[in-house]
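>>> No letters, just coordinates:
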């Protein structure tokens, strides 16, 4: 069974899981999302929780509701997700990383910028 | 009239001379999955029996706007129930049970039962006695879920099943029953497993309702702080409901916002249902041995 950690609300964890899928093109832009019921069955979640997760992705501009048809992946969703991830990195992770680099006395030249084989 | 499917007001139920359910009030709206939690003898089975008119008591209980004791027959056309002692006749074939149900229950759909059974590995020609425990429970769920009811009551349906069978059972329940209109009340000891499944929980502690809350409100009302061992004494001094171990340290659970001084010492984590259950159905922290 899918396990959920204690850090975030479950709907948020499901939203992250679905967002990771969207980044990989699953489902692709313009394609329908699986139904609430099938996601609920697949992850053994209450349908209300699934709804909340889809709602959160909709609020981030990744999904759109088509009347009577359900939720679809919005055109440009992958780019939007990448932008969101970049913002998150630049605003949340980078300041913390920079602080740590400073504390360790590391500069750009100390870092390997090439791919590690 | 409100549109609650179940409405209990100051309900007290006796089991022989013992008070099994003590002055509980709650309501269950439509479209909910309610987990009924409690230790053995907490009153879960008695409360479920009362909802289908199998035992009476003081106070008021309305199910689908009816009195389960006086209007049992019309009520049972819209409520389905798997008691904790449920058995299917061992000698019968599954197909015969469908024929039997078609004759017994006006809202039963044989076609729907057959569709539901296709999800499982149970065949219509199978005799009940040849089925595994997990298959029997799935067949039973298929039979009751084929009743076009508004409320389903399940008393420890997954007791004694292995993890695969439990998963299959819950999958069928979510997929085939939960449609946003119908509700289900399900009692179980496997609190971890139903945590993500339910929309609401009711916790019974020695017949009293210790908590009746939606999962969404749990996150708003209860605060769990993960913390290092070094601040354990400060955490304990703030009188949490419960202190417990989590991966990478300890945690303290508070009903409402903990004092600001303590909040700074830990980081917020998601309060788990199991920890909440332990906290609310045991003696207060002060009376227990420290760990």
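Done, it's in. All figures in this text were calculated on a predicted structure; none of them were measured in a lab.
>>> if I pick the residue nearest to residue B:42 when sequence neighbours are not counted, what's in contact with it?
Distances taken as Cβ to Cβ, 6 or more residues apart in numbering or on different chains put residue B:204 closest to residue B:42, at 4.2 Å, once the chain neighbours are dropped. Every residue, glycine included, has its C-beta placed from N, CA and C. Residue B:204 is in contact with B:21, B:24, B:36, B:37, B:38, B:42, B:43, B:44, B:47, B:210, counting by Cβ atoms under 8 Å, 6 or more residues apart in numbering or on different chains.
>>> quick one: strands adjacent to the stretch of helix or strand the second one belongs to?
Think residue B:24. According to DSSP states H and E, residue B:24 maps onto strand B:18-28. Here strand B:18-28 is paired, per DSSP bridges, with strand B:6-15 (antiparallel).
>>> Give me the three-state assignment for the residue nearest to residue B:42.
Classification of residue B:204 by DSSP: H, G, I helix; E, B strand; the rest coil places it in strand.
>>> can you pull up the bridge partners for it?
residue B:209.
>>> What is the burial count for the one residue in chain A that gets nearest to chain B?
Nearest residue of chain A to chain B: residue A:41, at 4.1 Å (Cβ to the nearest Cβ). Residues contacting residue A:41 under the criterion other Cβ atoms under 10 Å in any protein chain shown number 21.
>>> Need the per-residue pLDDT for residue B:229.
pLDDT for residue B:229: 87.
>>> Over to residue B:35?
pLDDT at residue B:35 comes out at 96.
>>> Could you do residue B:1 as well?
Residue B:1 carries a pLDDT score of 47 in this model.
>>> try residue A:9
pLDDT, residue A:9: 86.
>>> rewinding a little: could you dump the contacts of residue B:204 to CSV with distance to residue B:163 and neighbour count?
Listed next are the contacts of residue B:204 as CSV, based on distance: Cβ to Cβ, whole Å; neighbours: other Cβ atoms under 10 Å in any protein chain shown:
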residue, distance to residue B:163, neighbour count
B:21, 31, 27
B:24, 32, 21
B:36, 21, 26
B:37, 19, 28
B:38, 23, 24
B:42, 25, 22
B:43, 28, 25
B:44, 22, 25
B:47, 27, 30
B:210, 28, 17
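>>> wait, which of those is closest to residue A:111?
Ranked by distance to residue A:111 (Cβ to Cβ), the contacts of residue B:204 are led by residue B:37 at 52.1 Å.
>>> ok, what's across the strand from that closest one?
Applying DSSP bridges, one finds that residue B:37 bridges with residue B:203.
>>> doesn't residue B:190 make contact with it?
No. At 9.8 Å, residue B:37 does not count as touching residue B:190 under the criterion of Cβ atoms under 8 Å.
>>> is it true that residue B:55 lies in a strand?
No. Looking at residue B:55 with three-state DSSP, it is coil, so not inside a strand.
>>> Check which helix or strand the closest residue to it other than its chain neighbours maps to.
Once flanking residues are discounted, residue B:55 sits nearest to residue B:49: 4.8 Å by Cβ to Cβ, 6+ apart. Element membership for residue B:49, per DSSP H and E: helix B:44-51.
>>> Can you spell out which helices and strands pack onto the helix or strand just after that helix?
Per DSSP H and E, helix B:44-51 leads on to strand B:57-63 as the next helix or strand towards the C-terminus. Judged by 3 or more Cβ pairs under 8 Å, 6 or more residues apart in numbering or on different chains; DSSP states H and E, strand B:57-63 is in contact with strand B:6-15, helix B:44-51.
>>> what's the angle between the shortest one and strand B:57-63?
What that stands for is helix B:44-51. Relative orientation of helix B:44-51 versus strand B:57-63 (axes from the mean of the first three to the mean of the last three Cα atoms, to 10 degrees): 70 degrees.
>>> you'd agree residue A:86 is in a strand?
No. Using three-state DSSP, the secondary structure at residue A:86 is helix, not a strand.
>>> And it, what's its pLDDT?
On the pLDDT scale, residue A:86 gets 91.
>>> Residue A:39: how many residues sit nearby?
Residue A:39 has 21 neighbouring residues, counting by other Cβ under 10 Å.
>>> So it: helix, strand or coil?
At residue A:39 the chain is in helix, as set by three-state DSSP.
>>> Verify the stated contact: it with residue A:45.
Yes. Residue A:39 lies in contact with residue A:45 (Cβ under 8 Å); the separation is 7.2 Å.
>>> Overlap in contacts, the two.
Joint contacts of residue A:39 and residue A:45 (Cβ under 8 Å, 6+ apart) are residue A:14.
>>> mind pulling up the phi and psi values for the residue lying closest to residue B:19 once chain neighbours are set aside?
Excluding its sequence neighbours, the residue lying closest to residue B:19 (Cβ to Cβ, 6+ apart) is residue B:207, at 5.7 Å. Dihedral angles of residue B:207 (phi, psi; degrees, to the nearest 10) stand at phi 90, psi -10.
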